[in-house]
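>>> generate a structure from the sequence data that follows.
(chains A and B)
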Amino acid sequence: MNIDIAVMQVFNGVSLFTILLLMAIGLAIVFGLMGVINMAHGELMALGSYVTYLTATAFSKFAPQWMGVYLFAAIALAFAVTYAFGYLLERGFVRFFYNRPLDTLLATWGLSLILQQAYRSIFGAQEVSVPLPQWLSGAWEPVAGIQLPISRIFIIGLTVAVAFGVYLLLNRTRWGLKVRAVTHNRAMSEAVGIDTQRLDALTFALGAGLAGIAGCVFTMIGSTNPGTGQLYIVDSFIVVVFGGVQSLIGTALSGFAIAQTQTTLEYLMSGSMARVTILLLVVVVLYFRPHGLFAAKSRS
Amino acid sequence: MRTLLRAADTRATMLVVALLMAMVAVLDPFRLNLMGKYMAFAFVALGIVLLWGYGGVLSLGQGLFFGAGGYMMAMFLKLEASAPELPDFMVWSSIEHLPLWWQPFRSLPLTLLLILTVAPVVAYLFAYAIFKKRVGGVYFAIVTLSLALTGTVLIVGQQGDTGGANGITDFRTLLGMDIVSDDAKQTLYIIEAAALGVAMLCCGALMQSRFGKVLIAIRDKEDRVRFSGYNTAHMKAFVFAISALLSCIGGAFYSLQVGLISPTAVGVVASIEMVIFAAVGGRLSIPGAVVGALLVGFLKSYLSEAFPEIWLYFLGALFIAVVAFMPLGMAGVVQRLAPGRVAAKVTP
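Next up is the predicted model:
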């Protein structure tokens, strides 16, 4: 194995890591911080993808000269739409199932089926895809023999920005302080005057919005169909659970560990066997550390 | 009260089995075959009632055991169908010798023995290890879900050994007897209905026993039961093994009735759908779960043929409605309407 291949391997690993992290970060907030099992999280990502598709279609129709930057508009729109949808979802649906985790799981699974069929009815069963802007196609070649796709570099940059933003939001703002307070002790937070219900809705909406951004980014890697969300949901849960619920850093590190292991294994064996090995490894690790690799210590 | 409930349950079981037997006279062979297919899922639903309704453990990986039973049965039938050659999909993948782990499936007694033992033993060991670590609730659901995903990926990936995404198909004889003729299907149906009746009675008796009472106690307050000196991990793992056995038997009947087994019966979607069978019928009712499986199975065939657009909307709404409004399923509604009977309490 020469140095070029090694560099490409690491880059592929980092690239997969950022994709896993984008997928999981919204779920880490909804499931990790709030304890809500949202099986429709994948469909929220698909919603982000479809918003991106609509944005791209609108741009190519009405403002073709701006096609180069439609992606930024799409990211903002995807976030806004899924954020709003997530807010309504929490107020009108999810909040009735709090404290019944297994029932939440089944109810949100039902919701995901309804959303999938809705996408199928609206956008059709076939795949839709969006054009990649000119400046994102092609590859960067720092030295001869190493080619790094620019779109992947863009995704890495965006993920770092999003993850850093979420980190600041949760750890450096008053709102984030409240969210963490409610996570640790709901009753006490209520007693000191935090409007926990409103906070729940906003936190859930934020998690949904992040899923929207992930969905938007995924249009750069592959096409979207009504069942796309289901491909992501189990992986997202595995990343969050593996990293340790309630720990965003854990989610990031677990995404990194899973991605690097998977790309390395894929080099050594077939893709499906690599995936099987990863899934079994995760189960084994969970056996030894039932609360995930980086479980936060809490009194509850 | 206790004896009354037991008698009522037994009566309901008898009624369900009698109705299933009556179907033989009423339905045409095609419909009867479909009923046989739904009945295969009723075995799974029974296991879910014990595990989830009584034990409070939600497994989203029942498809794995269902698939295990189905594949083991299909492997035997396929070897018989293609003997003395190798199965066709192995030839296509240019495999020259029968893989070692296929060898036991040359004999029917050995196949049946493996169907009845492999899944429960594996399930018990796995679940005991997990429960001993006090992993439960949602985590257990996600771990089993990822195992179901692993199973699908593995089967699809190992095309030459498993038939890949197409699964195992094209078998029509069992020990030389034709199994696709109408008469054979009818016999098969009667055997399956009888087996289901026996399984229902066994499950009912188990839940009425001391073990069943302790199991309910574990569901409601595991710590207290553990402090009283019970090995709760063992008891939960035992129920998990029983549910695995039931799923495995259901899978074997499925292969016989449908004539094929494919990775879709193993996967994440199938595994979660199996939970809704029990939820619709009533997660605390043994006859309810069977009726739920038959009803949802029938609706699935009917709606997805007649109104393909509506089926997923309907299934999704069913999930939500059952969880939100009828946590005890149809059995709960029946119990509430029946005079003089106190509805059992369900704890989420």
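>>> centroid residue for chain B?
B:V44 (1.7 Å; CA atoms, centre = their mean).
>>> which stretch of helix or strand covers that residue?
Here B:V44, judged by DSSP states H and E, is contained in helix B:29-48.
>>> quote the end-to-end distance of stretch B:165-181.
Stretch B:165-181 has an end-to-end distance of 27 Å (criterion: CA to CA, to the nearest Å).
>>> distance from the chain centre to that stretch, please.
21 Å (CA atoms, centre = their mean, to the nearest Å).
>>> for the record, mean pLDDT for that stretch?
What stretch B:165-181 shows for mean pLDDT is 81.
>>> contacting residues around it?
Residues outside stretch B:165-181 that contact it (CB atoms under 8 Å, 6 or more residues apart in numbering or on different chains) are B:71, B:74-75, B:77-78, B:80-81, B:87-89, B:108, B:155-156, B:159, B:162-163, B:184-185, B:188, B:255-256, B:259-265. C-beta: built from backbone N, CA, C; applies to glycine.
>>> need the pLDDT of A:F256.
Listed pLDDT for A:F256 reads 89.
>>> actually, A:T104.
Listed pLDDT for A:T104 reads 88.
>>> so it is in contact with A:V36, correct?
Yes. Contact criterion CB atoms under 8 Å: A:T104 and A:V36 qualify, at 6.1 Å.
>>> between the two, which contacts overlap?
With CB under 8 Å, 6+ apart, A:T104 and A:V36 have common neighbours A:V94, A:Y98.
>>> tell me the helix or strand right after the top helix by length along chain A.
Longest helix in chain A by number of residues, with DSSP state H as the criterion: helix A:3-27. Counting by DSSP H and E, the next helix or strand C-terminal to helix A:3-27 is helix A:41-62.
>>> now the helix or strand following that next one: how far from the chain's centre is it?
On the C-terminal side of helix A:41-62, the nearest following helix or strand under DSSP H and E is helix A:70-92. Relative to the centre of its chain, helix A:70-92 is centred 14 Å away, using CA atoms, centre = their mean.
>>> what's the spacing between B:A129 and chain A?
Look at B:A129 and chain A: by CB to the nearest CB, to the nearest Å, they are 6 Å apart.
>>> is the residue nearest to that residue when sequence neighbours are not counted in a helix, a strand, or coil?
In space, B:A129 comes closest to A:Y287 once its chain neighbours are excluded; the distance is 6.3 Å by CB to CB, 6 or more residues apart in numbering or on different chains. Taking DSSP: H, G, I helix; E, B strand; the rest coil as the rule, one finds A:Y287 in the helix state.
>>> I'd say A:Y287 and B:F131 touch.
No. Taking contacts as CB under 8 Å, A:Y287 lies outside contact range of B:F131: 11.0 Å.
>>> neighbour count for those two, which is higher?
A direct count of neighbours by other CB atoms under 10 Å in any protein chain shown for A:Y287 and B:F131 places B:F131 higher, at 21 against 15.
>>> so which strand or helix has the more buried one?
Following DSSP H and E, one finds B:F131 within helix B:108-132.
>>> let me see the mean pLDDT of that helix.
Rounded mean pLDDT across helix B:108-132 is 93.
>>> give the buried residues for that helix.
Burial within helix B:108-132, assessed by neighbour count using 16 or more other CB atoms under 10 Å in any protein chain shown, is assigned to B:111, B:114-116, B:118-120, B:123-124, B:126-128, B:130-131.
>>> closest to chain A out of these?
For those, the closest approach to chain A (CB to the nearest CB) belongs to B:I130, at 6.8 Å.
>>> identify the residues contacting the closest one.
A:Y287, B:F140, B:V143.
>>> still on that earlier bit, I'd like the next helix or strand past the helix holding B:F131.
Downstream of helix B:108-132, the next assigned helix or strand under DSSP H and E is helix B:137-157.
>>> could you pull up the residues touching the residue of the stretch 51-200 of chain A found nearest chain B?
Here the residue of the stretch 51-200 of chain A nearest chain B is A:G110; by CB to the nearest CB that distance is 2.6 Å. Applying CB under 8 Å, 6+ apart to A:G110 gives the contacts B:L315, B:G316, B:A317, B:L318, B:F319, B:I320, B:V323.
>>> and the furthest pair within those?
B:L315 and B:V323 (12.9 Å; CB to CB).
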